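Asker: please find the sequence and the predicted model below.
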Amino acid sequence: MPRKKTLTISLEPQCLKWARMRAGFTTVHDFAVRLAQSDDAAKVDGWAAKVLEWEQSGNLTPANAEKLAHVTHTPIGYLFLAEPPIEELPIPDFRVVGNQTPHPTPDLMDVIYDALRRQDWYRDYLLSSGEERLGFVGSLNVSDDIKGAAEHIRSTISWDVSSRAQMPTWEAALRKQIEEVENIGVIVMRSGIVGNNTHRPLSISEFRGFALADDYAPALFINVVDAKAAQMFTLAHELVHIWLGVSGVSNLNQTYSPRGADSVESFCNKVAAELLVPQADLDVQWRACRKRPDRIVYLAKYFKVSSLVILRRLRDADHIGEGVFRQLYNDQLAQIRPKQKSDGGNFYNTIRARLGQRFISALVGSTLEGRTLYRDAFRLLGIAKVEPVHELAKQMGATV
């Protein structure tokens, strides 16, 4: 009996290679390991041979085309194009690595589009409820005085150094500050994964946060793979974006933007630093602790920021010289490691942190009232059952 012929399709090889590279698999071997889902050398070599064949001839089976699309998180229609599409972020990209802006991965693209969908829903919800514009959005300009800009933000939001200093941990201080930010109408989303998919971790080497400026529903996102002290700076930085009325994604390399960087990022970093470590407060604390051997650690703990931010602020205020600053700064930079803690934990606490308490409360309430369809709530929450919606409502004190 003749062997059944395997069905193959012919696609553009450049599109297949583009999908691999887009997903961050810079070598065929790395991609083969992911496809094989095994360290077995024979399996990896077998997949590597297949990938090389795809990228040379463009011929592969429909099943392998679907696998390629799934593993690379690429819309399968893209693989059938005559040439790779030109993808751009839907918001301004302020990330800089060296002198170039890196190409966004599917993870970053998906996280931003998810956030935009939630913001769109929340904006419509506010408009239908008769809410007014938020006056602070777009109320600053990059030409404004740095200290004056920080004071302008403090006139709207509680950003008190002394109360933050009394917090027992960075996490407690961060939670309290996020609560204050949400109280003025800004959605704060925090996550270290794409959606609820623990197999798609985010990378701080790609981005640390982004801001979505809007007159009614401003929102910001913090990459929680970062250390808590660094997340505090990202929160402040993205909040300044909201005050400027400028959306954008940032990687915040170090503490200030490199020389020649975009004026928006430079302004946001400087105002964020003044918000977190006001020079007047720093001068007082420096006089009290400058002879202590642990003075940098002490100041970082007091202000609940990273040691890098403290060193930069001390240099700005001329409390330490350039040589000492460079040595200490490079020493601290070498010690920084990405946070390894899982993004798991209690599902309901986690989803409130990921999507923001303000957003969750509005969506669940609207769904129970019948203003929002359950299917739309499922899509926005990233779930597929009614029970989590009802449980969230109960935890917020609503009657189901």
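Answerer: Looks like it arrived, so ask away.

Asker: wait, a helix at residue 362?
Answerer: Yes. Residue 362 sits within a helix when classified using DSSP: H, G, I helix; E, B strand; the rest coil.

Asker: so it makes contact with residue 122?
Answerer: Yes. The criterion here is CB atoms under 8 Å, and residue 362 meets it with residue 122 at 6.1 Å. C-betas here are computed from N, CA, C, even on glycine.

Asker: so for these two, which sits in the more crowded spot?
Answerer: residue 122 (23 against 19; other CB atoms under 10 Å).

Asker: residue 232 versus the more buried one, what's the distance?
Answerer: For residue 122, the distance to residue 232 equals 24 Å [CB to CB, to the nearest Å].

Asker: and what of residue 198?
Answerer: Using CB to CB, one gets 25 Å for the distance from residue 198 to residue 232.

Asker: low-confidence ranges in the stretch 251-400 of the chain?
Answerer: 252-262, 336-345, 398-400 (pLDDT under 70).

Asker: quick one, helices of it?
Answerer: In the stretch 251-400 of the chain, helices defined by DSSP state H, counting those that start in this stretch lie at 263-276, 279-289, 295-303, 307-316, 322-335, 347-355, 357-368, 374-381, 387-395, listed in chain order.

Asker: buried ones in the longest helix belonging to the chain, by neighbour count?
Answerer: Ranked by residue count, the top helix of the chain under DSSP state H comes out as helix 106-128. Across helix 106-128, burial judged by 16 or more other CB atoms under 10 Å covers 106-112, 114-116, 118-119, 121-123, 125-126.

Asker: give me the mean pLDDT for it.
Answerer: The pLDDT scores in helix 106-128 average 96.

Asker: show me what that helix is packed up against.
Answerer: Packed against helix 106-128, as judged by 3 or more CB pairs under 8 Å, 6 or more residues apart in numbering; DSSP states H and E, are the following elements: strand 187-191, strand 193-194, strand 209-212, strand 219-223, helix 357-368, helix 374-381.

Asker: any chance of JSON lines for these, columns distance to residue 58?
Answerer: What follows is the helices and strands packed on helix 106-128, written out as JSON lines (distance: least, CB to CB, whole Å):
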{"stretch": "strand 187-191", "distance to residue 58": "37"}
{"stretch": "strand 193-194", "distance to residue 58": "29"}
{"stretch": "strand 209-212", "distance to residue 58": "36"}
{"stretch": "strand 219-223", "distance to residue 58": "36"}
{"stretch": "helix 357-368", "distance to residue 58": "44"}
{"stretch": "helix 374-381", "distance to residue 58": "35"}
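
Asker: of those, which is nearest residue 39?
Answerer: strand 193-194 (23.5 Å; CB to CB).

Asker: what pairs with that closest one, and is each one parallel or antiparallel?
Answerer: Here strand 193-194 has these sheet partners by DSSP bridges: strand 197-201 (antiparallel).

Asker: got the angle for the strand it pairs with vs helix 106-128?
Answerer: Orientation check (axes from the mean of the first three to the mean of the last three CA atoms, to 10 degrees): strand 197-201 against helix 106-128 gives 120 degrees.

Asker: tell me the angle of strand 197-201 relative to strand 187-191?
Answerer: Strand 197-201 runs at 80 degrees relative to strand 187-191, counting by the same axes, to 10 degrees.

Asker: next, the buried residues of strand 197-201.
Answerer: So, applying 16+ other CB under 10 Å, buried residues of strand 197-201: 200, 201.

Asker: so it versus strand 219-223, what angle?
Answerer: 80 degrees.

Asker: got a list of what the closest residue to residue 67 other than its chain neighbours touches?
Answerer: Ranked by CB to CB, 6 or more residues apart in numbering and with sequence neighbours excluded, the top spatial neighbour of residue 67 is residue 35, at 6.9 Å. Residue 35 is in contact with 47, 50, 51, 67, 71, counting by CB atoms under 8 Å, 6 or more residues apart in numbering.
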